[in-house]
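In: Sharing a model prediction with you, sequence too.
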Amino acid sequence: MTLLGPAEIRELAAELGVRPTKQLGQNFVHDPNTVRRIVRAAELSADDVALEVGPGLGSLTLGLLEVADKVCAVEIDPVLAKALPATAQKFAPEQAGRLHVIEGDALRVDVDEKPTALVANLPYNVAVPVVLHLLATLPSLRKGLVMVQKEVADRLVAGPGSRVYGVPSVKLAWYATAKQAGKVPPSVFWPVPNVDSGLVAFTRREALGTGDADRKATFAVVDAAFAQRRKTLRAALAGWAGGPDAAERILRAAGVDPGARGEQLTVHDFIRIASQRQAQPSHG
């Protein structure tokens, strides 16, 4: 199998009349060593069904076809989506039959392949919503490795007390344990972005709640706590709880200091706060 280098990437783009757009956050990887590194870090096995979001010209797709049982690629750009099977046929003829391309937006399409691993180079502006949406809607996803803007990577893996710990950190922690899996320099992309990229690896954990209602209730607390980061939880959760006194009652019942701030809490703290609200009698 041949992976795509700078010459092949430019040639493919010229053939298709593709110019990478900022709007779709398109930065195509043109370095085979980086592709191999990503695939290695994803720790795929021969029975994994890899889900790739935003395959672009197919650099990572070819690397995934080398190791996964199947690759399901979701591409929003119709020109790129239509061209991908031909690229696989040309560069990986023996594996091309294992590629399934879905044209559409990853936040809206139905994926019926039961993917087990998400491996993708995600545009930074949609990275967090895409990862959270796919974990919420595809219970078959057991693990993932995503390449995102370094700043987004830092947020996704941050723990309580970190300056960048926030909504994405807690929501990802609801579904999975996550860790940094390396940096990627701008030079391996075309066009060259003006930021570093980072790899985030995650593994789905045992469910923390008993279903969708628990998740929504917990996420509502998380959103409220971080909407006004500088405020104490007593003040930040006042709107959510029905007043600062109600917020204080719920927080104390959950064993959380009302004078603390959102960035000091673990996902388990937020779960306890959400469940205490449901247990509290309403006043007034």
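Out: Here it is on my side, so go on. Just so it is clear, the structure is predicted and the values come from calculations on it, not from any experiment. Numbering: from 1, shown residues only.

In: How about the contacts made by the residue nearest to D257 when sequence neighbours are not counted?
Out: Spatial nearest neighbour of D257, excluding adjacent residues (CB to CB, 6 or more residues apart in numbering): L251 at 7.3 Å. To be clear about C-beta, it is placed using only N, CA and C from the backbone, and glycine gets the same treatment. Residues near L251 by CB atoms under 8 Å, 6 or more residues apart in numbering: 233-234, 237, 257-258, 273, 276.

In: can we see that at 10 Å?
Out: Each residue near L251 by CB atoms under 10 Å, 6 or more residues apart in numbering is listed here: 232-234, 237, 241, 257-260, 269, 272-273, 276-277.

In: now swap in K70 and tell me
Out: Counting by CB under 10 Å, 6+ apart, K70 has contacts 47-51, 64, 95, 97-100, 113-116.

In: Which of those residues fall in helices?
Out: L64 (DSSP state H).

In: Buried among the contacts of K70? Need that as a selection in ChimeraX.
Out: Here is the ChimeraX command that selects the buried residues among the contacts of K70 (16 or more other CB atoms under 10 Å):
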select :48,49,50,51,64,95,98,99,100,115,116
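
In: Between the contacts of K70, which sits nearest L134?
Out: Nearest to L134 among those, counting by CB to CB, is L51 at 7.1 Å.

In: That closest one contacts V101, correct?
Out: No: using CB atoms under 10 Å, L51 and V101 do not qualify as a contacting pair, with a distance of 11.8 Å.

In: anything in contact with each of those two?
Out: In terms of CB under 10 Å, 6+ apart, L51 and V101 are both contacted by the residues 71-74.

In: Who wins on neighbours among those?
Out: Ranked by neighbour count (other CB atoms under 10 Å), the shared contacts of L51 and V101 have V71 at the top, with 30 neighbours.

In: Quick one: residues contacting Y175.
Out: Here Y175 is in contact with 131-132, 134-136, 141, 144, 202-205, 207-208, 215, 267 (criterion: CB under 10 Å, 6+ apart).

In: Which of those fall within strands?
Out: Counted as lying in strands by DSSP state E, out of these, are 144, 202-204.

In: Show me where the stretch 151-284 of the chain has its helices.
Out: Taking DSSP state H, counting those that start in this stretch as the test, the helices found in the stretch 151-284 of the chain are 167-175, 212-227, 233-236, 238-241, 244-253, 267-279.

In: Give me the helices and strands touching the second one, please.
Out: Of the remaining helices and strands, those touching helix 212-227 by 3 or more CB pairs under 10 Å, 6 or more residues apart in numbering; DSSP states H and E are helix 127-137, helix 167-175, helix 233-236, helix 238-241, helix 267-279.

In: Just the buried residues of that helix, please?
Out: 214-215, 217-219, 221-222, 224-226.

In: ok, of the contacts of K70, which one's closest to P186?
Out: L64 (22.6 Å).
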